[in-house]
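[1] what follows is a predicted protein model with its sequence.
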Amino acid sequence: MRTMKRYCIVIGFFILVAVLASIGPRAFAQAASSVILITEVLPTGEVAAALAVEYGTAIEESGVAAATYTVNATVGDKTAARTITRVYPNDVPARDAKGKRGQYVIIEMDPKDAIAGTMTYDPQARLATRYALNYEVTQVKEIIAANGMKYPASAVKLKSGKERTPIVDDFKKLATKDNDGNTLNYRLFLPAAAEKDKRFPLVIFLHGVGERGADNALQLLGYQGALVWASPENQRKNPCYVAAPQCPPTGYWTDDTNYHLVLKMLDDIQHSYAIDFGRIYITGLSMGGFGTWKIIQNNPDVFAAAMPVCGGGDPANVAALKDMPIWAFHAADDPAVPVSGPLAIGPTRGMGSRDMVAALKAAGSTVVQYTQYEPGYVAPPLAPNAHFSWVPAYGNQAAIDWMFAQTKTAQYKSTLLQPGLWRIDDFRGGFGSASMYLVEGKDKALLIDTGMGTGDLAGYVRTLTKLPVEVVLTHGHPDHVGQANQFDKVYMAQKDVALFGLFGIKTDPARFVNIQAGDTIDLGGKAFEVIAIPGHTPGSIALLDAKDQLLATGDAIGSGSNVWMHIPGTLPLDQYWVSLRKLEAKLKGFKHLTYLVGHQWQEKTPITLQYVTDMRILVEKTLHGEVVAKPYPDGGDGMGVVAEYGSATLDYSLSNLWSAGKADKTKYQAVETLPGVIMIRDYSGDNMYFMKGTQKALLIDTGMGGGNLREYVGRLAGGLPVAVVLTHGHPDHVGQADQFHQVYLSRKDDAVAVSISNVDPSRYIDINEGDVMDLGGRALKVLSFPGHTPGSIVLLDETNRLLFTGDAVGTQSARGGLWLHLAGCPYIDEYLATLKTVRAKIDGKYDLLLTGHNQKAVAPQYLDYLQAAAQKLVDQGEAALVPSLRPTGLKMVVHGDDSDPNAASIIVNPEHLFSPQRK
C-alpha cells in the first residue's frame, strides 16, 4: 500500500510538471489580453510612441524593465526592431512621467527610430498617406505580478490592435455640406466646460497641401498646428474650441468651393456651440497660410486675429486688414514657398509673407507683427528643412498667448444714413452679425434692436446722441436682444417672451413693455407705427415712419436674402402668408420707402415692394406644392429646405407648413434632396423618391396622400413613362399606387397590402432579389431585406452611391426608428442575421441612405449604430430595453442619443424577442 502511495505521488508530480511545462510558453499570450499602440503627434508629425500591454493582474514598477520586451514594427513594406527607451506599469493605457502599479505595461520607444513615423509623402501627388501600423511585442524576460504570479519569458508575439493618439482622440469628427453637395470634413475640439453657460473662443486651423484627403485625420497628424491650441497646458490657460477642416485631395483652400465651405463650417459651429463671436481666430501653414490670408482679406470683420505661417496673399488688398492683429511667420530660406516675390499654390497667385507685411505697414497697420527665421535656423535637428517654419512658430508660446489676448468683442461701427438716422453694426460673425438703427426725434431717440455683442452698447449710443434713448426690439431672437438689459425702457411684443427660454437668452424680458399692432412711438416730430408681421417669430413687428417713408423690419421679411422659417419658434407658413398679404396691402401706397433690415450685410439689393410681393407668392406656391426646394445647408431642426421665386428666398421646415387641422391633404412637397433625386412628401410626412433616366422615370413608394400623385409626378417626368417600386406593403408607402399602371411589389407583401381598401396587389408586378430597374443611364438593383415586412426591399444605385431603404432599416432616430413589433416581424436575432447578410452585399457601395421618413439623407454609419443596437439586444436580452417614446407602451433598444446624427433605435415586442433556436 505504501509503495502504491509513493507511486501515485511520483506520477502526480510528473503530471504537474508536464502541465506547467505545457502552459509556460503560452503564459504571455494568456496573461496579456491586448496590445494598444499609442502614437504621438510631434512638431514634425505623428510617430508610434509606445505600446500598452494589458495584463489580467496588476504589475509592480519593480516587475518590469526595458529589457523585458522586444518590439518589431512593420510599417508599409519595411520591418524593423524598435528601440525601447522605457518600460513601466500604469493603471491606464497611457504614457506617464511616473510609473504606477497597474494592469497595463507601457513600453516607450525612441521617436528617432527610422521606422517610428506613421506617414509617407508622395512629392508627385503632393499628398501624405498614413501607413497601416503593425506592431508585435515579445516578452523575453519573466514578469512577477503584484500578486506573486509569474509570467515567464515566451516566444509568443502579440500583435497591436487598437490605437490611441492623445489630444487627437478628443476631436469630434464632423462634416459640412454646401447646396451643391460638396462636403468638407472637419475635426472639432470642445473645451472641457463647453456644456456650461459660457462662451469660448474658436481657433480655426488650415493645414498644408500634403494633408489633403478624405480620412478626416491627416490634418491633425501631420504636425501640431491644430493640437497646440487643444493641449492641456493651453486649455488650462485659455479654454477654446479648435476646428481643423480637411481639404479634399484635389482641392485648395483658396479655390471658391473650399473657401466657401470653410465659412460654412464656421457658420455651422457658431449655430451649434457657445462661441465667443469676438474671439474667433484663424491660422494656417503653407497652403493653409494662403487660405488664412484669403479668408481674412475677404472677411476682415469676422476674425479677432490671424497667424499665417509660410503663406502668401494679395498685397493690393490689405486696406481692410490694417486694424486686424496679424502675426506672420516665415523662414528666409524656405525652399517651397519663397518669403517674398511672386508665388503660386493651386489656383492662387500672390506674394510672400514679407511682401504682405510690408503692404500692411504701408496701409497704416500698427498691429501687424512679423517673425522671419534667418537662413539655417529652420533646419535639422529642429526640422527637416526650411519650409517647416511652423515647427518654431507653433512652439512659440508668446505667439499662442498673444493670439488669445486679441478680441473684437467691444467693437461697434456706425454709418450715418441721413441726418438723425444711424445704422450700428456689431462685430461680424455669421449668426451674430446684426444691424441696429438709431433714430432721433426732437424729444428722444429710438434704438431699434440691440444686436448680440458683449460691449458697452449703451455707452456707444451715447456718443451718437445726447437725447434720452428708448429701445424697440423687432423680435426675440438672441442676435437682436443681446444688450437690451443696458437700457431702461425697452419695448417688445410679449408673444416672443417664450423664445428667451427656447434660445437660452439670459436677458430678463419681464421688465419689457409690451408692444402690439397699431401702437405708436412718438419721438417728437417723428413717429413710428407698429405693424405686426407674425411668422419668423410669433411677435415679429415692423416699424413704419409714414412721414419720412422708413420701414424697420428686423428679420420679419429677411434682409433681401433668406427669410428663416425653419428654426424653432417660427409660425406655420399658412399664418406667415396671411402676414405677408396684409403687409403687402399696407405698403402699396408708399412709392419711396426705405427698408431698414436686420442684417444689412446680407442684403443683395435694396428691398422694394416687389420683394415683399415675391415673398408672398413664394409662400403661396410652397403651400400649394408648386416649388421644388433644395436642402438648406444647416437645417436647424433637421428639416430645413430652401425655395426661391423672383427676388425672394425662403428657408422653411417641411413639418411646419400648416396650422393644426388645416393641412391640405391633396398637396405634395418636392425637395431636390440630391442632384437628380427629388424627395416628394405628402401631408403625413411620408417620403417618396423620384428620379429620371433617359428612357423612363422611377417613383419609389407612393405615400398616403389624397391628391393626384400621378399628375404631380407626371409634371416632374416631363413626358417620360413612370414606373413605381414599392419598398413594402404598408399603407403609408402604397396609398396612391392604384393611380399608376406599372407598379412593382414583392409578392411576399401581398398579405400586407391587401388590407388597404384602394390597393389591389394582384395587378402589381412581383419584384425579387437581383432584379434591376433600368431607367436608361441610371439603374437600381433590388435587394431583399425581410424584417419590417416579409417582402421589404432596398434599392442600390451603385453608380450614384445611394441606397433607398423604405422602412427596412427604419428611420434614423433615438426615439423608435425601426418598428419590429408589428405582426409578421421576425425575431431580433433573425433580423440581425439579415442585416449582416445585406450589409455584406452593400457596404462600401453607397455614401448615403434615403429612408422612408427621414427628411435628410442619412450617413452609412447609421447602419453601424443599428447593428450595434440589435447586437446589444441579442447579447443582453430584456435588460437592454427601455420604454418606447413613439409609440408609447412598448419597449425599444437604443444606440446613441438625440444629439447623435447616427442614433438608432428598434421597437420590439418583449414577448417576441428570440427565435426558438436562440431560446
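    Arrived safely.
[2] give me the domain ranges for the protein.
    Domain ranges of the chain: 28-164, 168-405, 412-653, 665-808, 813-841+859-919, per automatic domain parsing.
[3] quick one: closest of those to residue 848.
    Ranking these by proximity to residue 848 (C-beta to C-beta) places domain 665-808 first, at 5.7 Å. Just so you know, the C-beta spots here come from the backbone N, C-alpha and C atoms, and that holds for glycine as well.
[4] quick check: mean pLDDT across that closest one?
    Throughout domain 665-808, pLDDT has a mean value of 92.
[5] make TSV out of the domains of the chain and add mean neighbour count and distance to residue 850.
    Shown next, in TSV, are the domains of the chain (neighbours: other C-beta atoms under 10 Å; distance: least, C-beta to C-beta, whole Å):
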stretch	mean neighbour count	distance to residue 850
domain 28-164	17	32
domain 168-405	20	14
domain 412-653	19	12
domain 665-808	20	5
domain 813-841+859-919	17	11
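[6] okay, these in a markdown table with distance to residue 847 next?
    Shown next, in a markdown table, are the domains of the chain (distance: least, C-beta to C-beta, whole Å):
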| stretch | distance to residue 847 |
| --- | --- |
| domain 28-164 | 21 |
| domain 168-405 | 9 |
| domain 412-653 | 15 |
| domain 665-808 | 4 |
| domain 813-841+859-919 | 7 |
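[7] now the helices for the stretch 351-500 of the chain?
    353-362, 390-394, 397-405, 457-462, 478-481, 497-502 (DSSP state H, counting those that start in this stretch).
[8] and what of the stretch 1-150 of the chain?
    Secondary structure of the stretch 1-150 of the chain (DSSP H, counting those that start in this stretch): helices located at 2-23, 27-31.
[9] out of those helices, which gets the lowest mean score?
    Looking at these, the weakest mean confidence is helix 2-23, a mean of 43.
[10] for the residue nearest to residue 523 when sequence neighbours are not counted, list the residues it contacts.
    If the residues on either side of it in the chain are set aside, residue 523 comes closest to residue 441, at 2.5 Å by C-beta to C-beta, 6 or more residues apart in numbering. By C-beta atoms under 8 Å, 6 or more residues apart in numbering, the residues touching residue 441 are 420, 467, 522, 523, 524, 525, 526, 527.
[11] which of the residues you listed fall in strands?
    Mapping those onto strands (DSSP state E) picks out 522, 527.
[12] so which of the contacts of residue 441 comes closest to residue 734?
    Distance to residue 734 across the contacts of residue 441 (C-beta to C-beta) is lowest for residue 527, with 60.8 Å.
[13] the helices of the stretch 351-500 of the chain: which one's closest to residue 742?
    helix 497-502 (48.0 Å).
[14] still on that earlier bit, how about the contacts of residue 441 in CSV, adding distance to residue 112?
    CSV is the format used below for these (distance: C-beta to C-beta, whole Å):
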residue, distance to residue 112
420, 71
467, 72
522, 79
523, 75
524, 79
525, 80
526, 76
527, 78
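[15] show me which of the contacts of residue 441 is closest to residue 322.
    Distance to residue 322, by C-beta to C-beta, is smallest for residue 420 among these, at 30.7 Å.
[16] need the longest strand for the protein.
    strand 45-59.
[17] that one - contacts with which helices or strands?
    Here strand 45-59 is seen to pack against helix 27-31, strand 32-42, strand 69-75, strand 84-90, strand 102-109, strand 133-139 when contacts are counted using 3 or more C-beta pairs under 8 Å, 6 or more residues apart in numbering; DSSP states H and E.
[18] change it to 7 Å
    Counting contacts by 3 or more C-beta pairs under 7 Å, 6 or more residues apart in numbering; DSSP states H and E, strand 45-59 is packed against strand 32-42, strand 102-109, strand 133-139.
[19] so who does residue 912 touch?
    residue 827 (C-beta atoms under 7 Å, 6 or more residues apart in numbering).
[20] for it, phi and psi?
    Backbone torsions of residue 912, given as degrees, to the nearest 10, read phi -140, psi 50.
[21] could you export the contacts of residue 441 to CSV, including columns for distance to residue 456 and pLDDT?
    Converted to CSV, the contacts of residue 441 look like this (distance: C-beta to C-beta, whole Å; pLDDT from 0 to 100):
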residue, distance to residue 456, pLDDT
420, 22, 96
467, 18, 97
522, 28, 98
523, 23, 98
524, 26, 97
525, 29, 96
526, 26, 97
527, 29, 98
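[22] residue ranges with poor pLDDT in the stretch 801-919 of the chain?
    886-888, 919 (pLDDT under 70).
[23] one more time with 90, if that's ok
    For the stretch 801-919 of the chain, applying pLDDT under 90 flags the ranges 814-816, 822-824, 854-856, 884-890, 897-901, 911-912, 915-919.
[24] same check on the stretch 451-600 of the chain?
    By pLDDT under 90, the low-scoring segments of the stretch 451-600 of the chain are 451-460, 478-479, 482-486, 500-511, 558-562, 566-568, 589, 591, 599-600.
[25] show me where it has its strands.
    With strands called from DSSP state E, counting those that start in this stretch, the stretch 451-600 of the chain shows them at 469-472, 490-491, 520-522, 527-532, 541-545, 550-554, 562-565, 594-597.
[26] CA atoms of the last one as CSV?
    I take that to be strand 594-597. Output in CSV follows, covering the C-alpha atoms of strand 594-597 (Å, rounded to 0.1, in the frame of the first residue of the first chain):
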residue,chain,number,x,y,z
THR,A,594,-36.5,102.9,-47.4
TYR,A,595,-36.2,99.5,-45.7
LEU,A,596,-34.0,99.2,-42.6
VAL,A,597,-33.3,95.5,-42.4
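[27] packing partners for the helix or strand just after that strand?
    For strand 594-597, the following helix or strand on the C-terminal side (DSSP states H and E) is helix 609-623. Packing partners of helix 609-623 (3+ C-beta pairs under 7 Å, 6+ apart): helix 573-587, strand 640-645, strand 648-653.
[28] and the first one, what does it pack onto?
    Using 3+ C-beta pairs under 7 Å, 6+ apart, the elements in contact with helix 573-587 are helix 609-623.
[29] how about 8 Å then?
    Looks like helix 573-587 contacts strand 527-532, helix 609-623 (3+ C-beta pairs under 8 Å, 6+ apart).
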